[in-house]
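Undergrad: my questions concern the predicted model and sequence given below.
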Amino acid sequence: MKKNPIDVFSNWALIGRDETMAQGHENSVREMLELVTIDNKKFSFIDVGCGNGWVVRKISDYPHCEYAAGVDGSQNMIDKAKSMGVGRDFFCRDIRCWIPPRTFDIVHSMEVFYYVEQPDILIRNIFDFWLNPMGKLIMGIDFYHENTPCHSWQEDCGINIMQLFSKNTWISFFTEAGFRKITSYHFGAKDNWKGTLVVMGEK
Ligand SMILES: C[S@@+](CC[C@H](N)C(=O)[O-])C[C@H]1O[C@@H](n2cnc3c(N)ncnc32)[C@H](O)[C@@H]1O
């Protein structure tokens, strides 16, 4: 029987698979962070579905970063994040319904949004309740329709919610939420692998 994503990733945190996962995401995230901080302005930042908190630790070293936090539904991931990221804020919450206690200039997320039943509602909530005016949402996902090698992942990982949408559907979620200046990219494409689909928009 398939399990819910938070239970699966909680187990990954226990067996150390969070670290290999972070390594696998590192190249795309490096490019995403470069893209979203290119204007050299001071910023506050939250990582949505932060896993063991590696992106929060990384961005905290950027000279223009004034505040960085992470949220994840897995207590095991958050315990790890807190143990390695002393001084940063890590919240153990379900992103489907959480409203953060403050707003941010940058909301970042890597490989998370397709694990919720209604990502369009999550993206709308981020626009309405998580972002400052002119704030940016940047999302990276490897699991999307055009990236055919990922189609077996739901069976491979035994996860009960994984939403396989097309690139245009993801972009339409940003448009419908009210984002402007929407741009999209494919990072790390090679042969059959279409790369990480990155969508970014501004409030
Ligand atoms: C594929 S992992 C990615 C982790 C991290 N972004 C990274 O790149 O290493 C997905 C993460 O999303 C979290 N997650 C999934 N559904 C969630 C939900 N409804 N609320 C909060 N976190 C959730 C999982 O616990 C897991 O840590």
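TA: Received it, and whenever you're ready, just let me know what you need.

Undergrad: can you pull the phi and psi angles for Ser10?
TA: Main-chain dihedrals, Ser10, degrees, to the nearest 10: phi -60, psi -40.

Undergrad: ugh, wrong one, Gly85
TA: Torsion angles, degrees, to the nearest 10, at Gly85: phi -130, psi 50.

Undergrad: roughly how far does it sit from Thr37?
TA: 19 Å (CB to CB, to the nearest Å). In this view, the C-beta of every residue, glycine as well, is placed from N, C-alpha and C.

Undergrad: what's the answer for Gly201, then?
TA: From Gly201 to Thr37 the distance is 16 Å (CB to CB).

Undergrad: tell me where this structure has helices.
TA: 5-15, 17-36, 54-60, 75-84, 119-125, 153-157, 167-177 (DSSP state H).

Undergrad: buried ones in the last one?
TA: Going by neighbour count (16 or more other CB atoms under 10 Å), the buried part of helix 167-177 is Lys167, Trp170, Ile171, Phe173, Phe174, Ala177.

Undergrad: can you tell me the centre-most residue of this structure?
TA: Against the mean C-alpha coordinate of the chain, by CA atoms, centre = their mean, the closest residue is Ser109 at 1.6 Å.

Undergrad: give me the beta-bridge partners of that one?
TA: Met139 (DSSP bridges).

Undergrad: can we start the residue count at 9 from this point?
TA: Okay, residue one is now 9; in that scheme the one you just asked about reads as Ser117.

Undergrad: enumerate every residue touching it.
TA: Asp55, Val56, Gly57, Leu145, Ile146, Met147, Gly148 (CB atoms under 8 Å, 6 or more residues apart in numbering).

Undergrad: swap in 10 Å and give it another go.
TA: 40, 54-58, 63, 79, 103, 130-131, 134, 145-149 (CB atoms under 10 Å, 6 or more residues apart in numbering).

Undergrad: same thing with Asp69?
TA: Ala76.

Undergrad: and the lowest-mean-pLDDT helix or strand in the chain, what's buried?
TA: Here the helix or strand of the chain ranked lowest by mean pLDDT, DSSP states H and E is helix 161-165, holding a mean of 91. Of the residues in helix 161-165, Gln162 count as buried by neighbour count, 16+ other CB under 10 Å.

Undergrad: ok, is that helix in contact with the ligand or not?
TA: No - judged by CB under 6 Å from any ligand atom, helix 161-165 makes no contact with the ligand; its nearest approach is 9.1 Å.

Undergrad: can you list contacts of that helix?
TA: By CB under 10 Å, 6+ apart, helix 161-165 touches 10-11, 13, 16-17, 20, 122, 150-151, 155, 158, 167-172.

Undergrad: turn the buried residues of helix 175-185 into TSV, columns for pLDDT and distance to the ligand.
TA: Shown next, in TSV, are the buried residues of helix 175-185 (pLDDT from 0 to 100; distance: CB to the nearest ligand atom, whole Å):
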residue	pLDDT	distance to the ligand
Lys175	98	19
Trp178	98	16
Ile179	98	21
Phe181	98	16
Phe182	98	19
Ala185	98	18
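
Undergrad: mind putting the residues you listed in TSV, distance to Gly203 included?
TA: Output for these, formatted as TSV (distance: CB to CB, whole Å):
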residue	distance to Gly203
Lys175	11
Trp178	14
Ile179	16
Phe181	19
Phe182	18
Ala185	24
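
Undergrad: all good on my end, thank you.
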